[in-house]
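# Next comes the sequence, and after it the predicted model I'd like to discuss.
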Amino acid sequence: MNYIEHVEITVYVQANFRGDVELYLTSPNSSSTETRLLRARLWDFSQAALDFRFMSVHQWGEPANGNWALRLVDTYDNG
């Protein structure tokens, strides 16, 4: 496989509130394409774990080789 058609990511994450979680995928190419797979959801106060498969075609045609980065952000602000 030389080039990407789509990317699938399966995650299991526990957070204080599921709606506070954001998830970003960055490709290894020279442009380091960043894709937001999941944005924070203001009214999702569920404490259930996030157990989901995400798919993206945002990286279509990019080289597949290299180190992909998955970044999780907990947007919770207790201030």
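Perfect, I can see it now.
# which stretches of this protein form helices?
For the chain, applying DSSP state H gives no helices.
# show me where it has strands.
Taking DSSP state E as the criterion, the chain carries its strands at 7-13, 21-26, 34-38, 50-56, 69-74.
# Tell me the strands beside the third one, with direction?
Right, strand 34-38. strand 21-26 (antiparallel) (DSSP bridges).
# Show me the shaky parts of this protein.
The model of the chain has pLDDT under 70 over residues 78-79.
# If we use 90, what do you get?
Counting by pLDDT under 90, the ranges of the chain that qualify are 1-4, 14-18, 27-33, 42-50, 59-67, 76-79.
# so what's Arg36 bridging to?
Here Arg36 sits in beta bridges with Tyr24, as judged by DSSP bridges.
# Start the count at 510 instead of 1 going forward.
Sure thing, new numbering starts at 510, so read that last one as Arg545.
# can you count the residues close to it?
Taking other Cβ atoms under 10 Å as the neighbour definition, Arg545 ends up with a count of 13. From N, CA and C alone the C-beta is placed, and that goes for glycine too.
# Kindly provide the distance from Asp560 to Glu531.
For Asp560, the distance to Glu531 equals 17 Å [Cβ to Cβ, to the nearest Å].
# More neighbours: the two, which one.
Between Asp560 and Glu531, Glu531 has the larger neighbour count (other Cβ under 10 Å), namely 16 against 10.
# That one: what's it in contact with?
Neighbour list for Glu531: 545, 547-549, 581-582, 584 [criterion: Cβ atoms under 8 Å, 6 or more residues apart in numbering].
# filter those residues to the buried ones?
Buried members of the contacts of Glu531, scored by 16 or more other Cβ atoms under 10 Å, are Leu547.
# before we move on, back to that, comparing the strands of the chain, which comes out most buried?
strand 530-535 (a mean of 18; mean count of other Cβ atoms under 10 Å).
# Convert that one to CSV, retaining C-alpha atoms only.
C-alpha atoms of strand 530-535 as CSV (Å, rounded to 0.1, in the frame of the first residue of the first chain):
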residue,chain,number,x,y,z
VAL,A,530,-13.0,14.8,24.4
GLU,A,531,-11.5,16.0,21.1
LEU,A,532,-9.5,13.7,18.8
TYR,A,533,-7.1,14.7,16.1
LEU,A,534,-5.2,12.6,13.5
THR,A,535,-2.0,14.0,11.9
